[in-house]
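Enquirer: need coordinates for the below:
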Amino acid sequence: MKLIRVLVVAATAAAAVVVAPQAAFAIPSGAGWSGSWAYTGGTSIQVTLDVPGAKLVANGWDALGVRAFVLNVSDTVADGKCAYVKWTGAATTEHWACGSGTTVQVTGLPSSTNALTAVLCRDSTAHDNKTNCNVIDVPSSSTDAFIRTEGNGAHWKYYDGYSGEDWGAWITIGDVNFDYFGWDDSPAGQRFIESWLTLLEPTCGSGTILNAGPASALAHCSDYNTIDALPNTHVTGTAWGTGCTWAAWVLNPPRHCIKIRVPQPS
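Expert: All right, here's what the predicted structure looks like:
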């Protein structure tokens with residue numbers, strides 16, 4: 001089923017005067033920004049981040065909750081800057097790639113059962129001016145083995161040249177999909193969000209937009225495939241979303257959740 005998302009703005013004669021958003025509050029363009037992580041099969045997991053001019057691809061292996069990664073950090077633009085990555089797993093390490101087309105491969109990182117956070121930025125060659133920083137979080141699978149189920153993960157991206165929403169975010173956790181879509185500067189300085197919760201099989205699931213005003217959350221169980229819209233809402237700054245699943249018709253089943261954030265471009 002293809003979902004068509006349309007934002008309708010009513011216009012009346014009384015609204016003939018349009019006040020442009022103040023530049024000081026405008027959210028910068030996010031074209032070229034994205035992030036993802038996913039269990040791709042067997043014990044394999046991949047984490048990616050992009051900003052204009054820099055890219056991270058981290059390929060990993062998960063052995064019963066103990067994960068190890070090889071990082072590939074790439075500088076993709078000839079602008080005299082570097083790609084910078086801060087990787088936090090067993091410990092925090094920093095890595096740079098400088099020079100257009102340069103990719104630095106990082107091996108030998110210690111394995112860990114921890115959740116991990118990756119940050120990708122542009123940086124000066126002196127390593128003292130980090131800008132355009134993007135971030136992604138990956139939950140630990142050591143405390144919840146369901147997380148490492150093949151197909152589980154989350155990703156988000158800004159669209160380039162698309163006439164609809166500015167960005168989309170997608171969480172997959174078991175047979176539950178939680179998807180949310182944003183329009184930046186709607187109104188100025190805020191992010192307007194529409195979201196959907198999809199149950200693909202008989203199961204229970206929930207979706208929540210965090211720190212939203214008004215509140216936007218939905219949870220239910222179903223014996224058949226369903227797609228339900230959450231209340232439209234707004235957030236300021238980072239757009240956090242959480243998708244969860246749990247077994248239907250079972251007393252006090254464990255909940256399995258994935259939380260992601262869509263950073264506000266800088």
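Enquirer: quick one: end-to-end length of stretch 196-211, please.
Expert: The first and final residues of stretch 196-211 sit 17 Å from each other (CA to CA, to the nearest Å).
Enquirer: report the buried residues of that stretch.
Expert: For stretch 196-211, the neighbour count (16 or more other CB atoms under 10 Å) marks 196, 197, 198, 199, 200, 203, 204, 205, 206, 207, 208, 209 as buried. Using the backbone N, CA and C atoms, a C-beta is placed for each residue, glycine as well.
Enquirer: check stretch 39-49 too.
Expert: Buried residues in stretch 39-49 (16+ other CB under 10 Å): 39, 45, 47, 48, 49.
Enquirer: so where is the stretch 51-200 of the chain shaky, pLDDT-wise?
Expert: 163 (pLDDT under 70).
Enquirer: ok so, going back, which ones among the buried residues of stretch 39-49 map onto strands?
Expert: If you go by DSSP state E, the buried residues of stretch 39-49 have 39, 45, 47, 48, 49 in strands.
Enquirer: the fourth one and residue 203, how far apart?
Expert: What that stands for is residue 48. In this view, residue 48 and residue 203 are 28 Å apart by CB to CB, to the nearest Å.
Enquirer: ok, now which ones touch residue 124?
Expert: For residue 124, the contact set (CB atoms under 8 Å, 6 or more residues apart in numbering) comprises 81, 82.
Enquirer: switch the cut-off to 7 Å
Expert: Taking CB atoms under 7 Å, 6 or more residues apart in numbering, we find residue 124 in contact with residue 81.
Enquirer: for it, phi and psi?
Expert: When read as degrees, to the nearest 10, the backbone of residue 124 gives phi -70, psi 160.
Enquirer: distance check, it against residue 81.
Expert: Per CB to CB, residue 124 is found 6 Å from residue 81.
Enquirer: for residue 222, same thing?
Expert: Distance, residue 222 to residue 81, using CB to CB: 49 Å.
Enquirer: ok, the two, which is more surrounded?
Expert: For residue 222 versus residue 81, neighbours defined as other CB atoms under 10 Å are more numerous around residue 81 (22 against 15).
Enquirer: contacting residues for the residue nearest to that one when sequence neighbours are not counted?
Expert: With CB to CB, 6 or more residues apart in numbering as the criterion, residue 81 has its nearest non-adjacent residue at 5.0 Å, and that residue is residue 122. Neighbouring residues of residue 122 by CB under 7 Å, 6+ apart: 51, 53, 54, 81, 83, 131, 132.
Enquirer: next up, the contacts around the first one.
Expert: Pointing back at residue 51 there. Counting by CB under 7 Å, 6+ apart, residue 51 makes contact with 32, 33, 120, 122, 132, 134.
Enquirer: list the contacts of the first one.
Expert: Going back to what we said before, that points to residue 32. Per CB under 7 Å, 6+ apart, neighbours of residue 32: 50, 51, 52, 158.
Enquirer: just the element for it, please.
Expert: Counting by DSSP states H and E, no helix or strand carries residue 32.
Enquirer: which residues touch residue 160?
Expert: So residue 160 contacts residue 31 (CB under 7 Å, 6+ apart).
Enquirer: roughly how far apart are it and residue 262?
Expert: Per CB to CB, residue 160 is found 16 Å from residue 262.
Enquirer: what do you get for residue 243?
Expert: For residue 243, the distance to residue 262 - CB to CB - is 14 Å.
Enquirer: next: residue 223.
Expert: Taking CB to CB, one finds residue 223 at 32 Å from residue 262.
Enquirer: same thing with residue 65?
Expert: 27 Å.
Enquirer: tell me which of those two has more neighbours.
Expert: residue 262 (28 against 16).
Enquirer: count of residues packed around residue 228?
Expert: Residues near residue 228, counting by other CB under 10 Å, number 14.
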